[in-house]
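[1] Below are the sequence and a predicted model for it; my questions follow.
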Amino acid sequence: MTGIIILAAGSSSRLGHPKQKIVYNGRTLLQQTVETAIHSKCNPVIVILGADAEKIHPDIEKEEIFVYHNPDWEQGMSSSIQIGITMLKKIAPHVSDAILMVSDQPFVDTALLNDLINKKAAIGKEIIACSYSNTLGVPALFNKKFFPELLLLKGQEGAKKLLIKHKESVAAIPFPLGSIDIDTVKDYQSLINTESKHQKK
C-alpha cells in the first residue's frame, strides 16, 4: 500500500497570499491536488497545513482525507515531511511506500501518481521521482526503508536530499510540466494565460 502526503504548509510569501487557494480550472490548487490524490491508487491521503490553515482547511474539509496542522511550518518543509511520515506510520502501519507531493504543481494528475507506483512495481527501484528541468523532484515515491532518513531532514531540506544521496536507488519518470509551479504573481499569470489558451481551443 502506498500512502500520499501533500505538503501544503508554506506561507506563499513571494506570492503575497495563500497559493493553496489560487483558483485554476474552477478549483483551488489544493482542491485539485487533493482530488488527484484521492482518485489515485494511493491510500491514505494526508494533507499537511501550516500558514493560513484556518483559511485553507474549509476548502478540503469535506474530503475523505487526513489533515494535520504543522505548528512549526516556519522551520521549513522538513517539519511538514516529518509530521506527514509520522502520521502515515500511525494511520497505516503496514504501508510500504509514500509519495510526497506539493500543492502548487497544477499539472500533476492521477495517471502520473499511478505511474510512480506502477514503475516501482515493474522495476523494483525503491525511489521513483519525476524528472523536469534537468533535475529530479516531486512528486516522488519513497519506499518505507527511507522513512527514518526523511524524519531526520532539517530546516529547508526537502526530499531532494535523498534523491541525490541515493542515486543508485532512484528511477525517473519524465514530467516536463513538473517545472511549472506557482511561487509568484508572474507564475500565476502565466498559468491563467495557459488556461485561457486551452479554453479557446
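    Sure, I can see it.

[2] State the number of residues packed around P174.
    P174 has 10 neighbours, counted by other C-beta atoms under 10 Å. Any C-beta I mention is one placed from the backbone N, CA and C, and that applies to glycine too.

[3] Repeat that for A171.
    Quick note: A171 (other C-beta under 10 Å) scores 18 neighbours.

[4] Tell me the secondary structure at the closest residue to it other than its chain neighbours.
    In space, and not counting its chain neighbours, A171 is closest to K125: 3.9 Å by C-beta to C-beta, 6 or more residues apart in numbering. Secondary structure, DSSP: H, G, I helix; E, B strand; the rest coil: K125 is coil.

[5] which residues touch the residue nearest the centre of the chain?
    Computing the C-alpha centroid of the chain and ranking residues by C-alpha atoms, centre = their mean puts M101 first, at 1.2 Å. With contacts defined as C-beta atoms under 8 Å, 6 or more residues apart in numbering, M101 is in contact with 4-7, 33, 37, 108, 113, 138-140.

[6] tell me which element it is part of?
    strand 97-102 (DSSP states H and E).

[7] Ranking helices and strands of the chain by mean pLDDT, which lands last?
    helix 185-200 (a mean of 61; mean pLDDT, DSSP states H and E).

[8] okay, now L153: neighbour count?
    20.

[9] my read: it touches I83, true?
    No - judged on C-beta atoms under 8 Å, L153 makes no contact with I83 at a distance of 11.6 Å.

[10] Which residue ranges of this protein form helices?
    Along the chain, counting by DSSP state H, helices occupy 29-38, 53-56, 77-91, 110-123, 147-150, 160-165, 185-200.

[11] avg pLDDT for the second one?
    Model confidence over helix 53-56, given as mean pLDDT, is 93.
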